[in-house]
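>>> sharing a model that was predicted from the sequence below.
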Amino acid sequence: MSDLRVRNPGWAGNTGEFDLTEEQVRGDDFVGTRPVEGGHPAATPSYAYMRAERDPEAPLFEGPYAERFEKLLTRYPEKRAALLPTLALAQEVRGHVSPETMARVAELLDLPDAYVRGVTSFYTMYNKREVGRFLIQVCTNISCNLCGADDVLEAFLSTTDTELGEISKDGDFTVVEAECLAACGFPTCVQINSRYYENVTPADVPNILDRLKERGE
Ligand code: FES
């Protein structure tokens, strides 16, 4: 058993390993029954909001995404209440939420542009500019900080050869600081796209980056 497994570097608290796939952690059924168009309407707001594969120029809410958007609307008493998952859907498709995307969302939900911009800029989960295929969010809040988060952050920045918020030359990585990720019992916690890596130390960083590049998730 590797050192990583002993320290429980799981996925959102699950006992796991850094190299587990989404299918292995969540189960084939869950992943296999999560079609792009949303499946059962009850499941539509629960999609991963950051994926490695996306296109900043992709059409918004067309084809299966239009279907998922329509299902989202059925989940709420009024259109404006669907704003957060609609922004998440847009980010899933394009990787970030540009002013143009915000305007389109405002149009679809019959909301003022300023309202959508206000909500989008309030939440750090929405990327306001393009990021690498893997968005690496290192928690530097108190618990993680006391356990060496600054060194983990520095290791991600130096290994990817980037500054904070910058996209690496190969387009793969963007490293940012995050506030508490609610995994304080497993410092340092790092969120990469929609997945948590817990108990991360600087020594783990090259390993994590290599695996991301290898398996593309
Ligand atoms: S302080 Fe890092 S997860 Fe809470």
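Yep, that arrived.

>>> switch to C-alpha atoms for all contacts and neighbour counts from now on
Noted.

>>> and for residue 150, the neighbour number?
Neighbourhood size, residue 150 [other CA atoms under 10 Å]: 19.

>>> pop the domain breakdown of this structure in here.
3-18+131-215, 41-122 (automatic domain parsing).

>>> how about TSV for these, with distance to the ligand and mean pLDDT added?
Compiled in TSV, the domains of the chain are given as follows (distance: least, CA to the nearest ligand atom, whole Å; pLDDT from 0 to 100):
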stretch	distance to the ligand	mean pLDDT
domain 3-18+131-215	4	85
domain 41-122	19	88
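
>>> tell me which stretches of the protein form strands.
134-139, 173-178, 190-192, 195-197 (DSSP state E).

>>> could the ones you listed go into TSV alongside mean neighbour count and distance to residue 154?
Below are the strands of the chain laid out as TSV (neighbours: other CA atoms under 10 Å; distance: least, CA to CA, whole Å):
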stretch	mean neighbour count	distance to residue 154
strand 134-139	25	10
strand 173-178	22	10
strand 190-192	24	13
strand 195-197	20	16
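
>>> can you list the ones you listed in JSON lines and add distance to residue 203?
Converted to JSON lines, the strands of the chain look like this (distance: least, CA to CA, whole Å):
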{"stretch": "strand 134-139", "distance to residue 203": "15"}
{"stretch": "strand 173-178", "distance to residue 203": "17"}
{"stretch": "strand 190-192", "distance to residue 203": "14"}
{"stretch": "strand 195-197", "distance to residue 203": "13"}
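
>>> which of these sits closest to residue 148?
Of all these, strand 134-139 sits nearest to residue 148, with 10.3 Å by CA to CA.

>>> picking that back up, out of the domains of the chain, nearest to residue 35?
Using CA to CA, the domains of the chain put domain 41-122 closest to residue 35, at 8.8 Å.

>>> show me how far that closest one is from its chain's centre.
Using CA atoms, centre = their mean, to the nearest Å, the mean C-alpha position of domain 41-122 is found 15 Å from that of the whole chain.

>>> what's the answer for stretch 122-137, then?
Centroid separation for stretch 122-137 versus its chain: 7 Å, with CA atoms, centre = their mean.

>>> pull out the buried residues from it.
For stretch 122-137, burial by neighbour count (16 or more other CA atoms under 10 Å) applies to 126, 127, 128, 130, 131, 132, 133, 134, 135, 136, 137.

>>> would you work out how far apart the start and end of it are?
Using CA to CA, to the nearest Å, the end-to-end distance of stretch 122-137 comes to 17 Å.

>>> contacting residues around residue 188?
Residue 188 makes contact with 138-140, 143-145, 147-149, 152, 198-201, according to CA atoms under 8 Å, 6 or more residues apart in numbering.

>>> pull out the buried members of these.
Neighbour-count burial (16+ other CA under 10 Å) is assigned, among these, to 138-140, 143-144, 147-149, 152, 198-201.

>>> I'd say residue 79 and residue 109 touch.
Yes: taking CA atoms under 8 Å as the definition, residue 79 is a contact partner of residue 109 at 5.5 Å.

>>> between the two, which one's more packed in?
More neighbours surround residue 109 than the other of residue 79 and residue 109, with 18 against 15 (other CA under 10 Å).
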